[in-house]
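> Got a sequence here, can you build the structure:
(chains A and B)
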2 protein chains.
Amino acid sequence: MRDAFHQELDALNDRLVEMTRLVRSAMSRATTALLDADLSLAESVISHDADINQIYQDMERSIFALMATQQPVAVDLRVAITALRMGGDLERMGDLAVHVAKIARMRHPESAIPAEVRDTILEMGQIAERLVTKTGSCIASHDVEQAKELDDDDDAMDRLHRRLFRVLLAKDWAHGVEPAIDITLTGRYYERYADHAVRVARDVVYLVTGDRPESAAAS
Amino acid sequence: MRDAFHQELDALNDRLVEMTRLVRSAMSRATTALLDADLSLAESVISHDADINQIYQDMERSIFALMATQQPVAVDLRVAITALRMGGDLERMGDLAVHVAKIARMRHPESAIPAEVRDTILEMGQIAERLVTKTGSCIASHDVEQAKELDDDDDAMDRLHRRLFRVLLAKDWAHGVEPAIDITLTGRYYERYADHAVRVARDVVYLVTGDRPESAAAS
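Alright, predicted model coming up:
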């Protein structure tokens, strides 16, 4: 039986897992909104971001209260402080899904995404979802080996990001500057989303082992 | 006379101020490198980012050690945890300066910035520097009123960012897609840099008052 303090730490962990579910769903809906020019889906991503922010704020408050009243040391201190940072990364992933949804909303009723890059954007969305699903499962299981696997998906995201630029810069790009700007920003949002997912997974490694994996390449 | 523990907290504060100086200088050099297509300046920004990362890592280690050994409560706990977050934001600002420098390097010996947007980029660079200078002075002085002033500079940055898009989307834009992509990303880097500077200043308010100013608009 865990004592009250450790039950609170477990509850924090559950809330982080819940955040991964919410930001996964947000990015999944944002991707569909973008590809299908679905305004109501875009609006739902934008309005529900407040829920994600609220969970993070509540979590932050609980962690401060926990640290002030329980004065954790060693592993428990590491868990509390790292949970704060993980929550911050997940909250930011929600913002990035909102950015994608806002591009969909801005171009509605058109789609911001011309046919030539639909596949790439769709794949970026899928990898984003896969990354955050794995991140959630790492948080739940504290599986260090799985956390290390995320780097492969992150590499796949970087490859797609480069493919996006190749299409934009190809001689036969016929859509001009405005869609190129939308796609440049969209690509950046997916790439940053992936980076944050990887950071959270690296924090799981740190939580469990006390060792910080090599920090994410500047991006 | 401050006791040893509070001297350590003061030292943390000094290191945060030092980080603002380093990331200000990095962005200043990155802006010049970009506008003047100065390769060696771009390289210097890129290679010196490791120093900024090192300061942050050392700071992180000290804070963990401090919390584990001293078990601070109330205000002291808030100072320690908030310093961690501020350091994280400043470290990220260094990364954003590197991104700007990498665009300069990628287009060398050309300039990535056509004449029509030079003024705007120059102003964005100046506002970025002004913001981080003020942020540094807020950290040093714990001046809450000054911290609140940063929002005006951040608004100015957002206006410049919108101006950038207007130029890119104007009918007479003659430079095609590649410079538009560079400028879109560059604009985004300055804007994010400013957002992080504002977040750090808001954390000063939080440190001093215990109240969290309204969180930065999603961006």
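> which ones are touching the residue lying closest to A:Val73 once chain neighbours are set aside?
Spatial nearest neighbour of A:Val73, chain neighbours left out: B:Ala68 (5.5 Å); criterion: C-beta to C-beta, 6 or more residues apart in numbering or on different chains. All C-beta spots, glycine's among them, are computed from the backbone N, C-alpha and C. Neighbouring residues of B:Ala68 by C-beta atoms under 8 Å, 6 or more residues apart in numbering or on different chains: A:Val73, A:Ala74, A:Leu77.
> switch the cut-off to 10 Å
A:Pro72, A:Val73, A:Ala74, A:Leu77, A:Arg78 (C-beta atoms under 10 Å, 6 or more residues apart in numbering or on different chains).
> in the host helix or strand of A:Ala42, what counts as buried?
Counting by DSSP states H and E, the element that carries A:Ala42 is helix A:39-70. Going by neighbour count (16 or more other C-beta atoms under 10 Å in any protein chain shown), the buried part of helix A:39-70 is A:41-42, A:44-46, A:48-49, A:52, A:55-56, A:59-60, A:62-63, A:66-67, A:70.
> So which of those residues reach chain B?
Among these, the residues lying close to chain B (C-beta under 10 Å from any C-beta of the partner chain) are A:Ile46, A:Asp49, A:Tyr56, A:Glu60, A:Ile63, A:Met67, A:Gln70.
> now, the most widely separated pair of the contacts of B:Ala68?
A:Val73 and A:Arg78 (9.4 Å; C-beta to C-beta).
> Name the residues contacting each of those two.
What both A:Val73 and A:Arg78 touch, as defined by C-beta under 10 Å, 6+ apart, is the set B:Met67, B:Ala68.
> I'd assumed A:Gly87 was in contact with A:Tyr56.
Yes. Using C-beta atoms under 10 Å, A:Tyr56 is in contact with A:Gly87, at 4.8 Å.
> got the contact list for the closest residue to A:His175 other than its chain neighbours?
Once flanking residues are discounted, A:His175 sits nearest to A:Pro114: 5.0 Å by C-beta to C-beta, 6+ apart. With contact set as C-beta under 10 Å, 6+ apart, A:Pro114 has these partners: A:Ile121, A:Val167, A:Leu168, A:Trp173, A:Ala174, A:His175, A:Pro179, A:Ala180, A:Asp182, A:Ile183.
> Restricted to strands, list those residues.
Per DSSP state E, strands hold no members of the contacts of A:Pro114.
> Among the residues you listed, which one sits closest to chain B?
Nearest to chain B, judged by C-beta to the nearest C-beta, of the contacts of A:Pro114 is A:Ala180 at 4.6 Å.
> which residues of chain A score low on pLDDT?
A:1, A:214-219 (pLDDT under 70).
> check contacts around the residue most central in space within it.
The centre of chain A sits closest to A:Met93, judged by C-alpha atoms, centre = their mean, with a distance of 3.6 Å. Shown in contact with A:Met93 (C-beta under 10 Å, 6+ apart): A:19-20, A:22-24, A:26-27, A:52, A:128, A:131-132, A:135, A:189, A:192-197, A:199-200.
> And A:Arg24, by the same measure?
A:Leu90, A:Met93, A:Ala97, A:Ala128, A:Glu129, A:Arg130, A:Leu131, A:Val132, A:Thr133, A:Thr135, A:Gly136, A:Ala197.
> Not counting sequence-adjacent ones, nearest residue to the second one?
What sits nearest to A:Met93 in space, not counting adjacent residues and going by C-beta to C-beta, 6+ apart, is A:Val23, at 4.3 Å.
> Could you check which helix or strand contains the one you found?
Going by DSSP H and E, A:Val23 is in helix A:4-36.
> Report the angle between that helix and helix A:39-70.
160 degrees (axes from the mean of the first three to the mean of the last three C-alpha atoms, to 10 degrees).
> Which residues are in contact with the residue nearest to A:Met93?
A:Val23 neighbours (C-beta under 10 Å, 6+ apart): A:49, A:52, A:89-97, A:128-129, A:132, A:135-136, A:193, A:196-197, A:200.
> what's the answer for A:Ala11, then?
Counting by C-beta under 10 Å, 6+ apart, the residues that A:Ala11 touches are A:Met59, A:Ser62.
> Relative to chain B, how far out is it?
Look at A:Ala11 and chain B: by C-beta to the nearest C-beta, to the nearest Å, they are 19 Å apart.
> mind checking how far that residue is from A:Leu66?
A:Ala11 is 10 Å from A:Leu66, where distance means C-beta to C-beta, to the nearest Å.
> next one: A:Cys138
A:Cys138 is 22 Å from A:Leu66, where distance means C-beta to C-beta.
> Next: A:Tyr190.
For A:Tyr190, the distance to A:Leu66 - C-beta to C-beta - is 34 Å.
> Please export the C-alpha coordinates of stretch A:135-144 as CSV.
What follows is stretch A:135-144, C-alpha atoms only, in CSV (Å, rounded to 0.1, in the frame of the first residue of the first chain):
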residue,chain,number,x,y,z
THR,A,135,5.2,9.0,-24.8
GLY,A,136,1.9,8.3,-22.9
SER,A,137,2.7,4.7,-22.6
CYS,A,138,6.3,5.4,-21.3
ILE,A,139,4.8,7.7,-18.7
ALA,A,140,2.4,5.0,-17.6
SER,A,141,4.8,2.1,-17.6
HIS,A,142,8.1,3.9,-16.8
ASP,A,143,9.6,1.8,-19.6
VAL,A,144,13.0,3.2,-20.3
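> Count residues in the vicinity of A:Ala170, would you?
Other residues within reach of A:Ala170, judged by other C-beta atoms under 10 Å in any protein chain shown, total 11.
> Wait, it touches A:Ala180, no?
No. Contact status for A:Ala170 versus A:Ala180: not in contact, 11.1 Å apart, counting by C-beta under 10 Å.
> Now for those two: what residues contact both?
With C-beta under 10 Å, 6+ apart, A:Ala170 and A:Ala180 have common neighbours B:Val177.
> what sits against the closest residue to A:Arg15 other than its chain neighbours?
Excluding the flanking residues, the one nearest A:Arg15 by C-beta to C-beta, 6+ apart is A:Met59, at 5.5 Å. A:Met59 sits next to A:11-12, A:15-16, A:18-19, A:83-84, A:86-88, A:90-91 when contact means C-beta under 10 Å, 6+ apart.
> top of the residues you listed by neighbour count?
A:Leu90 (30 neighbours).
> and it, what does it touch?
Residues near A:Leu90 by C-beta under 10 Å, 6+ apart: A:15-20, A:22-24, A:52, A:55-56, A:59, A:132, A:135-136, A:139, A:196-197, A:199-200.
> let's see it at 7 Å
A:Leu90 is in contact with A:Leu16, A:Met19, A:Thr20, A:Val23, A:Val200, counting by C-beta atoms under 7 Å, 6 or more residues apart in numbering or on different chains.
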